[in-house]
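In: What follows is a protein structure lacking sequence information:
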């Protein structure tokens, strides 16, 4: 099978969720879930690639490997944040699911796992994972975590001043208030418009969640008051009209635009897909904006 030219995909092995996209010195660094030992899911490792233009990519050595007690069963999805000039990866360690930290050098060519890992522990019946960090309008950082319990899927919010010590701030939103019946929400990411404003209260926002068990991506429109997403009437949209995109991630472009990448799943028989030696790719970049409630 001929590989696509413009879609980032692994040279060999399995790829799924895009993780921690971040701009460093004008270049986009993309991390992703990768199995370096086979073209089926397993051995979750953070692959790494960089692009000067979001079109052509250079693959780099793996950023994180499952080699500690707290992540030996998989280095699952997360995000990357610049703090004091250094990239900080915040990710899910398995198993059980915990939040972990790794700090890189200035050019993101090497990462060291924080000696105090895990930095946060939680857990619910259907899962608790995929941290996504954004600026706190009151200073410091907010972190979204996807979760699910007997009541359905929801997104928790934590806050921190230093990316290390986190305290619970509440729930961003949940299935119950939106009349949804998802068991869990994975990979929560949120674009808040005009985040350069010092008064973020009431800003347009769109939350993307990957819903289990339907394996679909929901876009939830609303306003963000610094703590909660206040959904609009009829807030729910499909993020994609097809069924091949899952676990999207967002990055703020240096020019202010919100850019989305997703995992483009493959269809067909598993044995045929695995036989080609690689599986999965990322979507092309998409610009996300909110206007008049759409």
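Out: That came through, no problem. Bear in mind that the values here come from a model prediction, so they are computed numbers and not experimental data. Numbers count the residues shown, from 1 in each chain.

In: Give me the residues contacting the lowest-mean-pLDDT helix or strand in the chain.
Out: Ranked by mean pLDDT, DSSP states H and E, the helix or strand of the chain with the weakest confidence is helix 270-275, at a mean of 74. Around helix 270-275, the neighbours that count as contacts under C-beta atoms under 8 Å, 6 or more residues apart in numbering are 38, 39, 40, 266, 279. Quick note: C-beta positions are derived from backbone N, CA and C, even for glycine.

In: buried stuff in it?
Out: For helix 270-275, burial by neighbour count (16 or more other C-beta atoms under 10 Å) applies to 273, 274.

In: got it, and stretch 54-68?
Out: The neighbour-count check on stretch 54-68 (16+ other C-beta under 10 Å) flags 54, 57, 63, 64, 66 as buried.

In: follow-up on the earlier one: are any of the contacts of helix 270-275 buried, and which?
Out: When neighbours are counted using 16+ other C-beta under 10 Å, the contacts of helix 270-275 contain these buried positions: 39, 266, 279.

In: Just the residues you listed: which are in strands?
Out: Residues from the buried ones among the contacts of helix 270-275 lying in strands, with DSSP state E as the criterion: residue 279.

In: for the longest strand belonging to the chain, the distance to its chain's centre please.
Out: For the chain, the strand that runs over the most residues, judged by DSSP E, is strand 13-24. Once both centres are worked out by C-alpha atoms, centre = their mean, to the nearest Å, strand 13-24 turns out to sit 8 Å from its chain's centre.

In: Just after that strand, pick out the following helix or strand.
Out: strand 27-35 (DSSP states H and E).

In: Could you give the average pLDDT over that next one?
Out: Confidence over strand 27-35, taken as the mean pLDDT, stands at 98.

In: Show me the contact partners of it.
Out: 8, 10, 13-23, 41-52, 54, 57, 62-64, 76-77, 80, 87, 89, 108, 251, 261, 263, 282.

In: Give me the buried entries from those.
Out: Buried residues within the contacts of strand 27-35, defined by neighbour count using 16+ other C-beta under 10 Å: 8, 10, 13-23, 41, 43-51, 54, 57, 63-64, 76-77, 80, 87, 89, 108, 251, 261, 263, 282.

In: Distance check, residue 269 against residue 41.
Out: As for residue 269, its distance to residue 41 is 15 Å (criterion: C-beta to C-beta, to the nearest Å).
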